[in-house]
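Colleague: Just need the structure, nothing else, for what follows:
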Amino acid sequence: MVGPEIISTYFPFSEKQLSQIDQLFDLYSFHNARVNVISRKDMDNFYIHHVLHGMAMAKYCRFGPDEEFVDIGTGGGFPGIPLAIAFPKTHFTLCDSIGKKIKVVKTIAEELGLKNVEAIQSRTEQLNRKFDGATARAVAPAKSLMEWMQGQFKGAPRMYLLKGGDLDQEAQDLMQLAPNSPLRIQELSELYPSLEFFETKKLMILGQN
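Modeller: Numbers count the residues shown, from 1 in each chain. From the prediction side, this is the model:
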């Protein structure tokens with residue numbers, strides 16, 4: 001099993017951040033045995049499939065101090081929890097409609113001492129709040145995510161979406177809804193060339209020059 005040391009191979013985090021990353025596996029193993037927020041078959045790949053995957057945004061995306069991001073359909077807290085570790089001065093609202101998952105996310109954030117995380121049980125379109133940007137991983141088509149966020153961006157739309165496969169249609173649909181926002185698709189195999197899991201994984205970045 002690949003351990004937390006793989007994170008420091010790609011990201012120069014502080015001792016405190018690396019300690020938080022190191023704690024993730026035991027915390028998720030404990031809570032996942034009680035509430036299934038991650039496929040139990042996937043725990044052996046925890047640091048690659050969940051932590052490293054979410055951390056890709058730390059390489060390519062902008063999360064400014066005092067900015068507020070919403071993690072749509074956060075599930076067990078991905079990519080929100082890893083991003084909150086990576087960007088302690090950015091505020092993350094982790095949103096999911098399933099209460100038992102949000103309870104786990106809230107507990108893990110507290111146990112890690114993450115003061116920049118708020119976990120809310122809600123559908124994104126019902127939050128009635130303003131955000132600088134949104135993140136999501138394999139929740140819904142990009143068009144749906146943008147529609148859920150209508151009226152909830154502080155300024156121009158910014159969305160960072162972890163995706164896979166052919167994104168041509170999703171990109172076209174997204175550009176119809178945000179025609180004035182730049183859009184690019186980053187192949188994650190460029191960041192993690194030695195890891196087979198990322199061969200088909202991509203990051204869709206909307207609204208960042």
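Colleague: now the lengthiest helix in the chain: mean pLDDT?
Modeller: Assignment by DSSP state H gives helix 15-32 as the longest helix of the chain. Averaging pLDDT along helix 15-32 gives 95.
Colleague: do the same with stretch 157-174
Modeller: 95.
Colleague: ok, and what's touching that stretch?
Modeller: 53-54, 56-57, 61, 79, 132-138, 141-143, 145-146, 149, 178, 181, 183, 185, 200-208 (Cβ atoms under 8 Å, 6 or more residues apart in numbering). Every C-beta, even on glycine, is put in place using the N, C-alpha and C of the backbone.
Colleague: CA atoms only for it, dumped as PDB, please.
Modeller: Extracted in PDB, the C-alpha atoms of stretch 157-174 (Å, rounded to 0.1, in the frame of the first residue of the first chain):
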ATOM      1  CA  PRO A 157     -17.400  32.000 -12.500                       C
ATOM      2  CA  ARG A 158     -14.400  29.900 -11.300                       C
ATOM      3  CA  MET A 159     -14.800  26.100 -11.300                       C
ATOM      4  CA  TYR A 160     -12.100  23.500 -10.800                       C
ATOM      5  CA  LEU A 161     -13.500  20.000 -11.700                       C
ATOM      6  CA  LEU A 162     -11.800  16.600 -11.500                       C
ATOM      7  CA  LYS A 163     -13.000  14.600 -14.500                       C
ATOM      8  CA  GLY A 164     -12.100  11.600 -16.700                       C
ATOM      9  CA  GLY A 165     -12.600  10.500 -20.300                       C
ATOM     10  CA  ASP A 166     -13.700  12.500 -23.300                       C
ATOM     11  CA  LEU A 167     -14.600  16.100 -22.100                       C
ATOM     12  CA  ASP A 168     -15.400  17.700 -25.500                       C
ATOM     13  CA  GLN A 169     -19.100  17.800 -25.000                       C
ATOM     14  CA  GLU A 170     -18.900  18.900 -21.400                       C
ATOM     15  CA  ALA A 171     -16.500  21.700 -22.400                       C
ATOM     16  CA  GLN A 172     -18.900  22.900 -25.200                       C
ATOM     17  CA  ASP A 173     -21.800  22.900 -22.800                       C
ATOM     18  CA  LEU A 174     -19.900  24.700 -20.100                       C
END
